[in-house]
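Q: after the sequence you'll find the predicted model.
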Amino acid sequence: MTDKEHISRRPRAEQIAARMTDSVKARRCAALAVMDVTANGRALELALAATDDYAGLEARDRAFARAIAATVFRRSGQIKAVLKPLVRKPPTAPVTAVLQTAVAQIVFMDVPPHAAVGETVEVLKSGKATRGFANFANAVLRRVVEQGRQSAASSPPRANIPGWIRGEWERTYGKMPATKIAVQLIKDPVLDLTVASNREDLAEATGGKPLGRQTLRLDSIGDVTALPGFEDGTWWAQDVSAAQPAQILMDQFDIIKDKRVLDLCAAPGGKTLQLASAGADVTAVDKSSGRLVRLEENLARTKLSATVINQDALEFESEPFDAVLLDAPCSATGTFRRHPDVLHNRSPKSVADLVRLQDKLLPKAASLTAPGGVLVYAVCSLQPDEGLPRIVKFLEMSPDFSLIPLSDLPGLDLPPERFEGGVVRTLPCDLSKAGGMDGFFIAALRKAG
Ligand SMILES: C[S@@+](CC[C@H](N)C(=O)[O-])C[C@H]1O[C@@H](n2cnc3c(N)ncnc32)[C@H](O)[C@@H]1O
């Protein structure tokens with residue numbers, strides 16, 4: 001029986017399911033998605049979309065389901081600490097997932113406890129394999145209502161980072177920075193917009209704060225389509241860190257206008273838009289047709305243009321380009337502020353697989369760079385193997401390339417240690433008072449002319 005069937009409809013459960021309110025359905029979607037992310041490595045958005053009821057829910061209930069599941073991933077260690085003393089023998093995976101979603105609501109979200117307990121019990125009753133745990137869960141969750149907040153408070157934020165990831169961060173960045181990084185996981189994420197023009201006007205219209213050279217930061221993520229300028233396409237959502245690789249690339253040219261630039265792993269296109277809005281002649285390549293649909297939508301909305309090619313970068317052939325931006329596929333652990341699931345659907349093996357791909361993509365990107373041209377490598381990962389060692393290995397094999405040393409990201413005022421060795425390493429705890437920034441590794445290289 002699959003995990004999904006465990007909490008899914010059976011003859012008697014079907015009658016219960018037919019009576020389920022939308023808020024019970026939302027809670028059930030959250031629990032199913034939590035299981036799917038952890039067991040199958042699926043991204044949270046895709047896991048939610050794959051549940052039976054999600055598409056039929058109203059936007060408000062979909063947002064509720066998403067918020068519950070995201071809270072489970074933001075607070076995983078603390079939730080474990082709450083449940084441990086109350087559950088002698090760990091129940092089955094589906095029951096555990098349902099209990100985790102209930103603790104998320106009771107302890108960390110503003111959900112009335114009676115609703116969280118009562119509706120969680122309904123979720124369990126709707127599945128054949130979970131129905132028998134309804135009374136057990138009811139008893140456990142009543143104790144969570146009484147003592148959950150206290151147990152959670154005794155567990156530090158660093159407990160929310162899975163052990164293997166925390167170990168790598170502590171060894172690479174030090175214990176104290178790793179702890180500061182962990183604190184960012186439990187904060188509500190901000191919304192960053194990259195603004196193509198008239199940033200001051202947009203700042204006035206939205207109350208956002210200018211950050212770096214092109215970013216406007218808003219306090220919270222709401223409905224982005226309702227923000228001023230969405231229809232006109234004067235901005236797009238993109239973390240301030242993610243805006244840096246394209247800026248670094250453009251800084252290497254006196255004039256970027258009409259320069260031929262290849263964006264090698266381009267979708268959904270934040271960096272393509274930056275380059276195109278500066279007047280570069282951009283070719284955007286990506287293997288994923290689904291993600292390229294979003295890139296095309298973004299180009300249409302912003303009224304920008306690029307040559308879009310749906311192809312595996314390793315097979316792409318062309319005349320060399322003045323500059324190549326390789327925003328390589330990576331574990332994306334640096335993006336946990338908005339995507340906390342990335343800390344729960346990765347493994348040392350999946351990182352090792354990505355490293356092998358990065359080691360193939362870098363020489364491919366190099367072969368597409370013209371003599372005298374610029375190659376920028378970026379990953380939104382905090383895992384050390386996906387950063388500097390890739391560049392060191394590439395440079396050892398590529399005597400025609402040299403590092404362009406970087407020592408500053410204008411307008412961001414980062415400490416000098418973020419530029420050690422002439423590369424850039426941003427951490428989520430940087431700009432912490434302003435809401436943090438995604439963890440990125442960026443290196444710029446020049447090909448001998
Ligand atoms: C980090 S994301 C790119 C984000 C994008 N640069 C942006 O700024 O919006 C990595 C991208 O690499 C693409 N990808 C993965 N393997 C690829 C390959 N072998 N060839 C081309 N694209 C690939 C994925 O589909 C994904 O869109």
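A: In hand now; what should we look at?

Q: measure residue 405 to residue 252 for me?
A: Taking C-beta to C-beta, to the nearest Å as the measure, residue 405 falls 12 Å from residue 252. Quick note: C-beta positions are derived from backbone N, CA and C, even for glycine.

Q: look at these two and report which has more neighbours.
A: residue 252 (18 against 11; other C-beta atoms under 10 Å).

Q: and the nearest residue to that one once chain neighbours are set aside, helix, strand or coil?
A: Distance criterion C-beta to C-beta, 6 or more residues apart in numbering; nearest residue to residue 252, sequence neighbours excluded, is residue 374 at 4.6 Å. At residue 374 the chain is in strand, as set by DSSP: H, G, I helix; E, B strand; the rest coil.

Q: do the same with residue 100
A: Assignment for residue 100 (three-state DSSP): helix.

Q: can you give me the neighbour number for it?
A: 26.

Q: separation between it and residue 161?
A: Distance from residue 100 to residue 161, by C-beta to C-beta: 16 Å.

Q: how far away is the residue nearest to residue 252 from residue 355?
A: 23 Å.

Q: also residue 427?
A: 20 Å.

Q: residue 321 now?
A: Distance from residue 321 to residue 355, by C-beta to C-beta: 25 Å.

Q: more neighbours: which of those two?
A: The neighbour comparison of residue 321 against residue 355 (other C-beta under 10 Å) goes to residue 321, with 24 against 19.

Q: what pairs with the more buried one across the strands?
A: Judged by DSSP bridges, the bridge partners of residue 321 are residue 369.

Q: name the helix or strand for residue 324, please.
A: strand 321-327 (DSSP states H and E).

Q: just name whatever secondary elements that strand is in contact with.
A: Contact here means 3 or more C-beta pairs under 8 Å, 6 or more residues apart in numbering; DSSP states H and E; on that basis strand 321-327 packs against helix 244-251, strand 260-263, helix 270-277, helix 348-367, strand 369-379.

Q: buried residues of the last one, list them for me.
A: For strand 369-379, the buried set under the neighbour-count rule, 16 or more other C-beta atoms under 10 Å, comprises 369, 373-379.

Q: same thing with stretch 135-153?
A: Neighbour-count burial for stretch 135-153 [16+ other C-beta under 10 Å]: 137, 140-141, 144, 148, 151-152.

Q: wait, which of those residues is closest to the ligand?
A: Among the buried residues of stretch 135-153, residue 152 lies closest to the ligand (C-beta to the nearest ligand atom), at 33.3 Å.

Q: partners of the strand or helix carrying residue 446 in the sheet?
A: Secondary structure assignment for residue 446, by DSSP H and E: strand 441-447. Strand pairing for strand 441-447, determined by DSSP bridges: strand 369-379 (antiparallel), strand 401-404 (antiparallel), strand 424-425 (antiparallel).

Q: export those as JSON lines, with columns for mean pLDDT and distance to the ligand.
A: Converted to JSON lines, the strands paired with strand 441-447 look like this (pLDDT from 0 to 100; distance: least, C-beta to the nearest ligand atom, whole Å):
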{"stretch": "strand 369-379", "mean pLDDT": "98", "distance to the ligand": "7"}
{"stretch": "strand 401-404", "mean pLDDT": "98", "distance to the ligand": "20"}
{"stretch": "strand 424-425", "mean pLDDT": "98", "distance to the ligand": "16"}
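
Q: which of the ones you listed sits closest to residue 274?
A: Residue 274 lies closest to strand 369-379 among the strands paired with strand 441-447, at 11.9 Å (C-beta to C-beta).

Q: from the chain's centre, how far out does that closest one sit?
A: 25 Å (C-alpha atoms, centre = their mean, to the nearest Å).

Q: need the contact partners of it.
A: 244-246, 248-249, 252-253, 320-328, 330, 334, 358, 362, 365-366, 386-387, 390-391, 394, 401, 404, 440-449 (C-beta atoms under 8 Å, 6 or more residues apart in numbering).

Q: stretch 146-164 now?
A: Contacts of stretch 146-164 (C-beta under 8 Å, 6+ apart): 74-82, 85, 103, 106-108, 166, 169, 178-179, 181-183, 185-186, 343-344, 347-348.

Q: one more pass at 7 Å, please.
A: The contact list for stretch 146-164 (C-beta atoms under 7 Å, 6 or more residues apart in numbering) reads 74-78, 81-82, 85, 103, 106-107, 166, 179, 182-183, 185-186, 343-344, 348.

Q: buried ones in stretch 360-371?
A: Going by 16+ other C-beta under 10 Å, stretch 360-371 has these buried residues: 361-362, 364-366, 368-369.

Q: farthest pair in these?
A: Top of the distance list for the buried residues of stretch 360-371 (C-beta to C-beta): 361 and 369, 12.6 Å.

Q: measure residue 177 to the ligand for me?
A: 23 Å (C-beta to the nearest ligand atom, to the nearest Å).

Q: surely that residue is in contact with residue 425?
A: No: Residue 177 is beyond contact range of residue 425, at 10.7 Å (criterion: C-beta atoms under 7 Å).

Q: are any of the contacts of strand 369-379 buried, and which?
A: The buried subset of the contacts of strand 369-379 (16+ other C-beta under 10 Å) comprises 244-246, 248-249, 252-253, 321-328, 330, 334, 358, 362, 365-366, 386-387, 390-391, 394, 401, 404, 440-447.
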